[in-house]
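Visitor: please work out how this folds:
(one chain, ligands or ions: 1)
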Amino acid sequence: MKLHWEPISLELKTTFRVAHGASDQRHNVLVYLEDGVGEAAAVPYYGETQAGIIEYLKAVPDLGDDLFDLDAVLAKRPSGSRAARSAIDEALHDLWGKKLGQPLYKLLGLNPKRLPLTSFTIGLDEPEAMARQAAAANHPILKIKLGSENDEAIIQAVREATNSKLRVDANAGWTREQALHIIPRLQEYDLEFIEQPLAVDDVDGYFWLKEKLKLQKIATPIFADETARNSRDVVKLAGAVDGVVVKTMKSEGLREALRMIHTARAHDMQIMLSCMVESSVGVTAAAHLAPLCDYADLDGPLLIKNDPYLGLQYDGAQFSLPTGHGLGVTKK
Ligand SMILES: [Mg+2]
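Guide: Just a heads-up that it's a prediction; the model follows:
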């Protein structure tokens with residue numbers, strides 16, 4: 001089985017700013033394995049570039065002839081670009097479903113009607129601008145990006161502008177002390193949870209923070225995103241966080257994302273399924289796992305102007321899975 005690929009440039013509807021930086025465009029790569037398709041999202045703060053992903057793909061050896069031995073095929077991927085490794089895994093799952101003539105969720109034994117609502121993301125900006133965007137979004141669940149000087153003012157302004165459910169994402173933007181200062185102050189805004197308050201490699205910090213918040217009787221759930229890349233990371237975080245954020249671009253595909261989900265469940269952790277700035281290819285691939293998750297943050301296709309594919313469909317915050325074989329995505 002041979003790979004081929006196509007670089008794509010996704011235009012964002014509004015400048016997307018998080019604690020790590022800002023962008024108006026993202027340069028991803030669609031990866032094809034025979035008829036199967038997957039997407040590699042070049043996320044700048046993960047050190048991935050479109051050129052680096054393509055360099056990686058050029059070095060991938062032939063993936064063998066037995067596509068049904070998924071783990072053996074995936075083991076042939078060289079180490080390197082996580083995004084590219086994820087795209088190969090997605091394309092393999094798409095091809096698997098196409099060969100068997102079934103949508104991926106059916107092959108996984110999942111109920112396509114059991115889907116959480118998705119949040120819509122408001123990127124970092126001045127408090128008033130974020131409040132305006134929150135009101136204009138008119139979406140029942142908003143994910144508010146934090147990690148700036150104005151975090152409390154942002155939540156206050158957004159809360160005044162909308163009655164939507166709010167969850168926040170600090171994207172590793174706080175020190176331990178900053179997190180301990182601000183999290184109790186955010187409690188009154190009735191947040192669903194707070195994502196990635198601490199630095200990416202500060203696993204011990206999550207245990208420290210949990211103890212400190214418990215002493216203050218702060219019950220806002222804490223989720224790990226950047227710190228929880230795969231099932232091994234979930235084990236390290238067990239007991240320290242209430243939930244983990246699963247993304248195929250971190251786990252290097254759907255196969256490991258599934259292991260991550262089951263590992264989190266085994267440790268009584270909640271799961272949010274999320275995405276990067278990705279087209280309908282990558283986000284639909286992830287969405288096939290949504291029946292196993294408590295929360296969804298699958299707004300990638302809603303953030304871009306020029307999605308090259310059709311896949312999951314949105315009716316407000318409720319999305320539905322396509323019923324075509326494999327991932328069920330089709331080129332526009
Ligand atoms: Mg996050």
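
Visitor: would you map the strands across the stretch 151-300 of the chain?
Guide: In chain order, the stretch 151-300 of the chain shows strands spanning 165-169, 191-195, 222-224, 243-246, 270-274, 295-297, with DSSP state E, counting those that start in this stretch as the criterion.

Visitor: show me what the fifth one is packed up against.
Guide: Put plainly, it is strand 270-274. In this structure, strand 270-274 makes packing contacts with strand 243-246, helix 254-266, helix 280-287, strand 295-297, judged by 3 or more C-beta pairs under 8 Å, 6 or more residues apart in numbering; DSSP states H and E. Backbone N, C-alpha and C define where each C-beta goes, glycine included.

Visitor: let's go with 10 Å and repeat that
Guide: Here strand 270-274 touches strand 191-195, strand 222-224, strand 243-246, helix 248-251, helix 254-266, helix 280-287, strand 295-297, going by 3 or more C-beta pairs under 10 Å, 6 or more residues apart in numbering; DSSP states H and E.

Visitor: can I get the ones you listed in TSV with mean pLDDT and mean neighbour count?
Guide: What follows is these, written out as TSV (pLDDT from 0 to 100; neighbours: other C-beta atoms under 10 Å):
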stretch	mean pLDDT	mean neighbour count
strand 191-195	98	21
strand 222-224	98	25
strand 243-246	98	26
helix 248-251	98	28
helix 254-266	98	20
helix 280-287	98	30
strand 295-297	98	24
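
Visitor: got the residues of the stretch 201-332 of the chain near the ion?
Guide: For the stretch 201-332 of the chain, the contact set with the ion under C-beta under 5 Å from the ion comprises residue 225.

Visitor: from the stretch 201-332 of the chain, which residue is nearest to the ion?
Guide: Minimum separation of the stretch 201-332 of the chain from the ion (C-beta to the ion) falls at residue 225, amounting to 3.6 Å.

Visitor: count residues in the vicinity of that residue, would you?
Guide: Counted with other C-beta atoms under 10 Å, the neighbours of residue 225 add up to 24.

Visitor: what angle separates the lengthiest helix in the chain from helix 280-287?
Guide: For the chain, the helix with the greatest residue count under DSSP state H is helix 82-100. Computed with axes from the mean of the first three to the mean of the last three C-alpha atoms, to 10 degrees, the direction of helix 82-100 lies at 80 degrees from that of helix 280-287.
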